[in-house]
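[1] Below are the sequence and a predicted model for it; my questions follow.
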Amino acid sequence: MVTRVPNKPSLFKTYHLHDTATIDSLSNLQSILSTSYGCWGQCKLIENECGGDVTVSSNSTCILERINTKNPFVKLIASTCLEHGRNFNNGGLELGLIATGILSRIVKQDFSSNQAGYILDHLSSILISYLQSDGFKSRVTVDFGRVGNLVPIVENVLRSKASCLLTGREVKLLSLIIVDGFVRSIPDGEDGVVRRPTELRYVKVAGRSPRDSFSVPGVLVPDTTTRPLSAAKPRHLKTLVFGISLSGDFESCEGVSFVSRSDTVVDDASLRRLLLMAETIVRTGVGLVACQKVCHPSVGRYFSDNGVIVVDRLSIQHVDAVAYITGKPVMKMIATDISDDYIGLLSEIELIDVYGKKLLHMRPASAVYDCVTIVLCSYAEQVLSELQIVVRSAVKLLNLLLMWPVCVPGGGCTFTQLACAMNNIVRERMKELVVDLKSSERDVKRVCTALTSTLDAVAASATDPPHTTSYTDSHYHHHWPCFYEADIQTDIGHCSCGLIENDDRMEFRQLGDGFLGNGPSNPRNISDIVAVNTPRVLDLMVVKCQTIQTALKLVVTILKTRDIVINPN
């Protein structure tokens with residue numbers, strides 16, 4: 001019996017940013033993000049609705065995917081942060097902090113959110129234009145010829161994830177391993193052709209210290225050989241990689257029907273075809289056969305008797321890795337005629353012991369197809385999984401840096417510079433802005449204060465532990481955290497990014513003072529300092545620009561939104 005149930009009508013509901021429920025939801029989201037952000041961020045213990053499934057993480061993707069809320073504004077912020085994190089593997093927490101910070105400050109003001117969105121839209125275009133213009137003097141061009149320039153970028157990512165449980169020494173060591181593996185994964189160009197870095201491979205080892213991590217050239221796969229390797233390393237092996245089962249069960253042939261005579265035993269016919277293919281492989285001179293699933297015992301014995309190494313039961317990732325270093329595609333069919341287009345070459349293969357794990361170490365014959373495997377170690381499985389996610393994020397940033405080798409100071413210094421620049425630009429162009437925006441000077445100041453105060457607050461969250469007072473200097477406008485009872489004039493040696501050194505001429509003001517009507521428009525001699533010194537903490541220019549731009553566009557969209565249409569079907 002089939003019953004037709006009519007669709008329910010869409011609900012037309014008005015949500016206001018000034019509602020108490022919306023303000024509380026934004027405040028809760030801001031609290032979650034701010035306590036997870038920066039090098040002093042805290043882990044979050046996430047439990048599902050039914051209980052039993054508990055996840056510990058400080059990663060924005062892991063946290064935001066598990067936030068369950070009915071508020072559409074919070075849902076929009078969370079989904080935007082998630083999409084940004086998928087594109088850049090970085091900046092999700094930062095984007096959410098900027099968005100919730102500006103919204104929380106604006107909703108406390110007693111004026112139209114639509115008017116505030118109109119003003120903020122104009123100010124955001126000014127801010128992005130300044131950041132991308134020559135007026136922003138703190139840009140740092142990264143020289144890939146010096147590996148030391150890449151290490152601060154990776155260190156910044158590793159330090160910001162508390163769930164990895166890394167000490168300072170472990171962060172430095174892992175950063176060097178990641179940078180070394182990334183640089184070695186860049187293929188040598190032939191005939192002047194520059195190729196993108198190959199994908200780094202990972203092997204996880206639990207129960208060891210992170211200081212035991214290392215990188216090796218080539219690919220490491222589990223030892224599933226049918227016979228032990230000889231003491232001498234097999235060299236210059238012709239290799240054939242299968243992406244299907246060699247057991248003859250046809251389980252990989254989905255959607256295919258077979259027609260046979262009544263006196264034909266399908267299993268025997270399948271085995272005969274596999275043995276015919278094995279004979280062809282042996283005649284071709286192939287020395288190594290790798291397959292994704294199981295190899296039939298009879299076929300395996302035939303290969304062993306003829307000196308062919310068989311590695312079966314490999315994962316899809318391992319099959320792709322082995323196929324890549326051979327320089328040939330994966331074979332996905334059973335054929336008695338093997339084309340040379342599928343036969344690759346390995347320079348050597350050997351059995352190694354990695355902290356109790358027996359692994360096969362394979363090296364490519366050509367430097368063009370060389371790749372790097374990083375062995376990641378940690379004490380616990382959960383921490384190890386989180387560490388692999390963070391390492392992948394760091395490698396993604398290095399790939400972006402290879403395409404756009406420009407960085408900005410990290411540690412919140414870029415945010416304090418932008419906040420001061422916006423205050424000065426708005427002060428100098430106030431009359432023009434009032435006319436263009438058809439708004440009052442008071443409203444422009446209030447929106448500008450919400451923007452700059454949020455940037456200062458995000459800067460303070462990046463590096464400041466609890467009970468810390470943040471300052472900015474009047475010359476370079478960098479971020480200076482003052483820990484506990486320290487004296488900002490005498491006890492703090494340099495700013496958060498490490499570019500500016502303290503001296504007796506420095507003048508400081510506390511962050512969060514709001515709109516300022518004075519101060520120099522441009523930092524003095526900052527370009528000369530950047531030309532000589534490199535900041536100890538760096539952020540990618542392209543990621544920083546996209547994060548700020550996306551956050552501001554998101555806030556403008558929310559401020560201009562009044563009605564929400566909900567489809568209950």
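    Yep, that arrived.

[2] Averaged pLDDT, stretch 361-376. What do you get?
    Stretch 361-376 carries an average pLDDT of 87.

[3] Report how far apart the opening and closing residues of that stretch are.
    One end of stretch 361-376 to the other measures 16 Å (Cα to Cα, to the nearest Å).

[4] Now do the buried residues in the lengthiest strand in the chain.
    Longest strand in the chain by number of residues (criterion: DSSP state E): strand 343-354. The neighbour-count check on strand 343-354 (16 or more other Cβ atoms under 10 Å) flags 343-347, 349-350, 354 as buried. Yep, even glycine has a C-beta here, placed from its N, CA and C like the rest.

[5] tell me the mean pLDDT over stretch 149-167?
    85.

[6] Dump the C-alpha coordinates for that stretch into PDB.
    C-alpha atoms of stretch 149-167 as PDB (Å, rounded to 0.1, in the frame of the first residue of the first chain):
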ATOM      1  CA  ASN A 149      62.700  30.600   5.200                       C
ATOM      2  CA  LEU A 150      60.100  27.800   4.900                       C
ATOM      3  CA  VAL A 151      60.500  26.500   8.500                       C
ATOM      4  CA  PRO A 152      58.600  29.400  10.200                       C
ATOM      5  CA  ILE A 153      55.500  28.800   8.100                       C
ATOM      6  CA  VAL A 154      55.300  25.100   9.100                       C
ATOM      7  CA  GLU A 155      56.200  25.900  12.800                       C
ATOM      8  CA  ASN A 156      53.300  28.400  12.900                       C
ATOM      9  CA  VAL A 157      50.900  25.700  11.800                       C
ATOM     10  CA  LEU A 158      52.200  23.000  14.200                       C
ATOM     11  CA  ARG A 159      52.200  25.400  17.200                       C
ATOM     12  CA  SER A 160      48.600  26.400  16.600                       C
ATOM     13  CA  LYS A 161      47.200  22.900  17.200                       C
ATOM     14  CA  ALA A 162      47.100  21.900  20.800                       C
ATOM     15  CA  SER A 163      45.700  18.500  20.100                       C
ATOM     16  CA  CYS A 164      49.100  17.400  18.600                       C
ATOM     17  CA  LEU A 165      50.700  17.600  22.000                       C
ATOM     18  CA  LEU A 166      54.100  18.800  20.700                       C
ATOM     19  CA  THR A 167      56.900  20.400  22.700                       C
END
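
[7] quick revisit: could you tell me which strands the longest strand of the chain is paired with, and in which direction each runs?
    strand 235-242 (antiparallel), strand 357-364 (antiparallel) (DSSP bridges).

[8] want to throw the ones you listed into JSON lines with distance to Lys161 and mean neighbour count?
    Shown next, in JSON lines, are the strands paired with strand 343-354 (distance: least, Cβ to Cβ, whole Å; neighbours: other Cβ atoms under 10 Å):
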{"stretch": "strand 235-242", "distance to Lys161": "35", "mean neighbour count": "20"}
{"stretch": "strand 357-364", "distance to Lys161": "25", "mean neighbour count": "19"}
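
[9] Distance to Ala460 added to these, as a markdown table?
    Listed next are the strands paired with strand 343-354 as a markdown table, based on distance: least, Cβ to Cβ, whole Å:
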| stretch | distance to Ala460 |
| --- | --- |
| strand 235-242 | 53 |
| strand 357-364 | 44 |
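
[10] Ok, which of these comes nearest Ala486?
    Evaluated with Cβ to Cβ, the strands paired with strand 343-354 place strand 357-364 nearest to Ala486, the distance being 47.3 Å.

[11] from the chain's centre, how far out does the closest one sit?
    27 Å (Cα atoms, centre = their mean, to the nearest Å).

[12] three-state assignment of the residue nearest to Asn71 when sequence neighbours are not counted?
    Counting by Cβ to Cβ, 6 or more residues apart in numbering, Asn71 lies nearest to Ser25, which is 4.4 Å off, once chain neighbours are set aside. Following DSSP: H, G, I helix; E, B strand; the rest coil, the label given to Ser25 is helix.

[13] Report pLDDT for Ser25.
    With respect to pLDDT, Ser25 has a value of 86.

[14] Same check on Leu220?
    Looking at Leu220, the pLDDT reads 92.

[15] Which residue ranges of the stretch 401-550 of the chain form strands?
    406-409, 468-473, 479-483, 508-510, 538-540 (DSSP state E, counting those that start in this stretch).

[16] Let me fix that, I meant to ask about the stretch 251-400 of the chain.
    Going by DSSP E, counting those that start in this stretch, the stretch 251-400 of the chain shows strands at 288-291, 309-311, 343-354, 357-364, 372-378.

[17] Just put these in a markdown table and tack on distance to Leu538.
    Converted to a markdown table, those look like this (distance: least, Cβ to Cβ, whole Å):
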| stretch | distance to Leu538 |
| --- | --- |
| strand 288-291 | 41 |
| strand 309-311 | 42 |
| strand 343-354 | 32 |
| strand 357-364 | 33 |
| strand 372-378 | 22 |
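
[18] if we can go back for a sec, out of the strands of the stretch 401-550 of the chain, which is closest to Ser57?
    That would be strand 538-540 among the strands of the stretch 401-550 of the chain, by Cβ to Cβ, at 21.9 Å.

[19] Point out the other elements, helices or strands, that the closest one touches.
    For strand 538-540, the packing partners by 3 or more Cβ pairs under 8 Å, 6 or more residues apart in numbering; DSSP states H and E come out as helix 151-159, helix 381-403, strand 406-409.

[20] let's see 10 Å
    helix 151-159, helix 381-403, strand 406-409, helix 413-428, helix 541-559 (3 or more Cβ pairs under 10 Å, 6 or more residues apart in numbering; DSSP states H and E).

[21] Include distance to Lys75 when you put the ones you listed into JSON lines, please.
    Formatted as JSON lines, those follow (distance: least, Cβ to Cβ, whole Å):
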{"stretch": "helix 151-159", "distance to Lys75": "27"}
{"stretch": "helix 381-403", "distance to Lys75": "23"}
{"stretch": "strand 406-409", "distance to Lys75": "31"}
{"stretch": "helix 413-428", "distance to Lys75": "26"}
{"stretch": "helix 541-559", "distance to Lys75": "11"}
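
[22] and the ones you listed as a markdown table, adding mean neighbour count and distance to Asp473?
    Converted to a markdown table, the helices and strands packed on strand 538-540 look like this (neighbours: other Cβ atoms under 10 Å; distance: least, Cβ to Cβ, whole Å):
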| stretch | mean neighbour count | distance to Asp473 |
| --- | --- | --- |
| helix 151-159 | 23 | 21 |
| helix 381-403 | 19 | 28 |
| strand 406-409 | 24 | 13 |
| helix 413-428 | 24 | 9 |
| helix 541-559 | 21 | 21 |
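
[23] Go through those and name the closest to Ile186.
    Of all the helices and strands packed on strand 538-540, helix 381-403 comes closest under Cβ to Cβ, at 7.7 Å.

[24] what's the average pLDDT for the closest one?
    Computed over helix 381-403, the average pLDDT equals 88.

[25] Report the angle between it and helix 151-159.
    Angle of helix 381-403 versus helix 151-159, following axes from the mean of the first three to the mean of the last three Cα atoms, to 10 degrees, is 150 degrees.
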